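> build the 3D model from these lines:
(one chain, ligands or ions: 2)
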Amino acid sequence: MLQGRVLKYHSGFYSVFSDGVITICKLRGKIKKQTHNVDLVAIGDSVEYIRFEDGTGVIEKILPRSNELIRMMSGTKIEYRQVLISNLDQILLVFSCAKPEPRLRMLDRFLVICEKQAIHPIILINKTDLIGMEKARKIFQIYEKIGYHVLYTSVVEHIGIETMQSLLTGKVTGLVGPSGVGKSSLINLIDPELDLKVNEISEATDKGRHTTVVREMFPLKGGGFVADLPGLKTLALWDIEPEELDGYFPEIRPLVSHCLYSDCTHRPEEIGCAVQKAVETGEVSKERLESFLRIRYGEDDPA
Ligand SMILES: Nc1nc2c(ncn2[C@@H]2O[C@H](COP(=O)(O)OP(=O)(O)OP(=O)(O)O)[C@@H](O)[C@H]2O)c(=O)[nH]1
Ligand SMILES: [Zn+2]
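Ligands and ions are numbered 1, 2, ... in the order given. Okay, the predicted model is just below:
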């Protein structure tokens with residue numbers, strides 16, 4: 001029995017990768033019967049499989065997942081969980097300094113998803129050549145202060161590329177970020193053979209379709225995998241209770257127990273709110289609290 005990783009799903013078949021070889025596999029019938037879950041096998045899954053003489057294969061067993069990114073799908077009759085991807089080591093959140101302008105609200109949302117799923121986030125800020133390193137750091141230093149790993153890059157000036165490469169090598173990385181920030185340019189630099197076509201399917205037609213949320217996972221030359229996660233952009237924070245949200249803001253989390261009321265909502269009108277106080281003293285950024293309140297009170301626009 002071989003062990004491999006599922007890279008892709010296409011009409012009943014799975015591309016399974018191990019030792020540089022991709023085997024097109026079917027799923028063993030007995031596995032299908034075990035559950036009615038439509039996403040029995042997810043991209044990113046580690047599986048045991050058999051490879052036949054003709055090069056095709058059969059998946060015999062899906063190994064336990066270390067984590068999974070899920071979204072709720074509502075069909076005509078039923079609601080079901082769709083596993084977007086499994087077994088991620090980290091998520092690379094790619095934004096640019098300019099062109100397009102950084103969308104910090106979106107970044108904060110992604111960070112909440114990473115915190116909730118306990119998947120390590122790396123914030124990558126590309127196009128530093130457009131505004132200079134100093135200005136770039138000024139915009140994103142609040143994230144460094146919180147303790148997040150922030151990496152600054154420029155494809156044009158070839159800055160930070162080696163660091164990015166070493167961070168991805170040997171790891172399973174999910175890639176997410178707004179359109180045009182340079183995701184494909186970055187990946188193509190570290191692995192030219194990959195030729196990642198991030199832009200294959202337009203955002204507009206992508207919406208509402210079930211199969212294209214994670215299209216494919218790519219093996220990296222030096223080891224490891226990378227998968228583009230466009231679906232994360234519109235992922236609703238469906239499984240987060242409003243009361244637990246402050247726990248997913250690492251700089252707000254330790255303050256909550258110091259609020260005067262145990263059911264404090266950290267809004268400006270609250271009396272004795274430790275979070276509001278921390279914003280006044282500059283310990284917590286105003287923008288981050290704004291993001292928190294927007295997500296907490298449903299004024300958040302995922303797109
Ligand atoms: N100035 C500058 N431009 C860059 C940099 N990186 C990428 N670009 C340019 O930004 C544009 C968008 O780059 P892509 O790599 O296609 O961006 P993407 O994030 O893959 O975009 P989608 O496929 O729409 O998700 C291209 O014109 C790139 O040449 C950079 O570091 N600096
Ligand atoms: Zn409070």
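
> number of residues surrounding whichever residue of the stretch 201-303 of the chain sits closest to ligand 1?
For the stretch 201-303 of the chain, the nearest residue to ligand 1 under the criterion CB to the nearest ligand atom is residue 230, separated by 7.3 Å. Where C-beta positions appear, they are placed from N, C-alpha and C, glycine not excepted. Residue 230: 21 surrounding residues under other CB atoms under 10 Å.

> does it touch residue 177 like I think?
No: Residue 230 is beyond contact range of residue 177, at 9.4 Å (criterion: CB atoms under 8 Å).

> the worst-scoring helix or strand of the chain on mean pLDDT: what's the following helix or strand?
Least confident element among the helices and strands of the chain, by mean pLDDT, DSSP states H and E: helix 203-206 (a mean of 40). Using DSSP states H and E, the helix or strand that follows helix 203-206 in sequence is strand 217-219.

> who are the packing partners of the helix or strand following that next one?
Downstream of strand 217-219, the first helix or strand assigned by DSSP H and E is strand 225-228. Counting contacts by 3 or more CB pairs under 8 Å, 6 or more residues apart in numbering; DSSP states H and E, strand 225-228 is packed against strand 172-176, strand 217-219.

> contacting residues around residue 89?
By CB atoms under 8 Å, 6 or more residues apart in numbering, the contact list for residue 89 reads 119, 120, 171, 172, 173.

> state the pLDDT value of the fourth one.
What that stands for is residue 172. On pLDDT, residue 172 comes in at 97.

> can you report how many residues neighbour it?
22.

> what's the answer for the third one, then?
As a burial measure, residue 171 scores 18 neighbours (other CB under 10 Å).

> then the second one?
For residue 120, the neighbour count with other CB under 10 Å is 14.

> now it: how far from ligand 2?
As judged by CB to the ion, to the nearest Å, residue 120 and ligand 2 stand 28 Å apart.

> please name the bridge partners of that residue.
For residue 120, the beta-bridge partners are residue 90 (DSSP bridges).

> all strands for this protein, in order.
2-10, 13-18, 21-27, 46-51, 56-62, 68-74, 79-86, 90-96, 120-126, 149-152, 172-176, 217-219, 225-228 (DSSP state E).

> mind putting those strands into a markdown table with distance to residue 272?
What follows is the strands of the chain, written out as a markdown table (distance: least, CB to CB, whole Å):
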| stretch | distance to residue 272 |
| --- | --- |
| strand 2-10 | 51 |
| strand 13-18 | 55 |
| strand 21-27 | 57 |
| strand 46-51 | 49 |
| strand 56-62 | 50 |
| strand 68-74 | 37 |
| strand 79-86 | 40 |
| strand 90-96 | 34 |
| strand 120-126 | 32 |
| strand 149-152 | 33 |
| strand 172-176 | 38 |
| strand 217-219 | 48 |
| strand 225-228 | 45 |
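
> and those strands, which one is worst for confidence?
Taking the mean pLDDT of the strands of the chain, strand 68-74 comes last: a mean of 77.

> and the angle for that strand with strand 90-96?
Angle between the axes of strand 68-74 and strand 90-96 is 70 degrees (criterion: axes from the mean of the first three to the mean of the last three CA atoms, to 10 degrees).

> pLDDT value on residue 39, please?
pLDDT, residue 39: 64.

> I'd say residue 56 and residue 15 touch.
No: using CB under 8 Å, residue 56 is not in contact with residue 15; the gap is 11.3 Å.

> do you know how far the spatially closest residue to residue 155 that is not a sequence neighbour is from ligand 2?
Sequence neighbours aside, residue 185 is the residue nearest to residue 155 in space, at 4.6 Å (criterion: CB to CB, 6 or more residues apart in numbering). Distance of residue 185 to ligand 2, computed by CB to the ion: 42 Å.

> which bits of the stretch 101-250 of the chain sit near ligand 1?
Within reach of ligand 1 by CB under 6 Å from any ligand atom, the stretch 101-250 of the chain has these residues: 126-127, 129-130, 154-156, 179-185, 198-199.

> now, which of the residues you listed sits nearest residue 60?
Comparing those against residue 60 with CB to CB places residue 198 closest, at 33.0 Å.

> which residues do residue 56 and residue 15 both contact?
By CB under 8 Å, 6+ apart, the residues touching both residue 56 and residue 15 are 23, 24, 25.

> so which of the helices and strands packed on strand 225-228 is the most packed in?
Of all the helices and strands packed on strand 225-228, strand 172-176 carries the top mean neighbour count, a mean of 24, counting by mean count of other CB atoms under 10 Å.
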